[in-house]
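Visitor: Just to be clear, the model below is a prediction. Sequence and coordinates:
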Amino acid sequence: MNRLGFVFQSAPHSTSKGREGLDAILAASAYSEDIQIFFIGDGVLQLLKNQEPEKILSRDYISGFKMLELYDLEEIFVCQNAMNNRGIKEEYLLIDVDSISNKDINEKLSQCNQIMVF
């Protein structure tokens with residue numbers, strides 16, 4: 001079976017990439033059980049708790065990341081360097097993730113057959 005990799009590298013609410021990426025993951029989960037999700041760079045901001053997108057007239061899709069567990073999507077990785085650079089601790093995040101190094105992210109991405117970047 002093909003392993004799918006989804007990479008979030010954009011800040012939330014600045015574009016529709018985060019929402020589109022989440023929608024793509026949920027749709028792909030109907031066809032594949034081998035999905036890995038990565039949050040790198042500004043993408044780590046997608047997972048912060050207590051966002052208030054309505055204040056900038058944006059749709060709140062962030063709470064949708066909680067659905068990943070319901071879809072049995074458990075391979076969720078966050079770049080430790082990106083979190084450190086932004087002063088983010090794991091307890092600030094909306095969902096449980098595995099915090100890993102850039103090297104480990106690159107290694108895991110190299111094992112994916114298809115990679116989609118948002």
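Guide: That came through, no problem. Numbers count the residues shown, from 1 in each chain.

Visitor: Show me the longest helix that occurs in this structure.
Guide: Scanning the chain for the longest helix, with DSSP state H as the assignment, gives helix 17-28.

Visitor: Could you list everything the spatially closest residue to residue 35 that is not a sequence neighbour pairs with in the sheet?
Guide: With sequence-adjacent residues excluded and distances taken as CB to CB, 6 or more residues apart in numbering, residue 35 is closest to residue 4, at 4.9 Å. For the C-beta atoms, the positions are set from N, CA and C on the backbone; glycine is no exception. Beta-bridge pairing for residue 4 (DSSP bridges): residue 35, residue 114.

Visitor: so residue 4 touches residue 38, yeah?
Guide: No. Contact criterion CB atoms under 8 Å: residue 4 and residue 38 do not qualify, at 11.2 Å.

Visitor: the more surrounded of these two?
Guide: residue 38 (24 against 21; other CB atoms under 10 Å).

Visitor: Would it be right to say that the more buried one lies in a strand?
Guide: Yes. Counting by DSSP: H, G, I helix; E, B strand; the rest coil, residue 38 is located in a strand.

Visitor: Was I right to think it contacts residue 106?
Guide: No. Counting by CB under 8 Å, residue 38 does not reach residue 106; the two are 10.1 Å apart.

Visitor: and the residue positioned nearest the centre of the chain, how far is that from residue 27?
Guide: Nearest to the geometric centre of the chain sits residue 39, at 4.5 Å (CA atoms, centre = their mean). Here residue 39 is placed at a distance of 19 Å from residue 27 (CB to CB, to the nearest Å).
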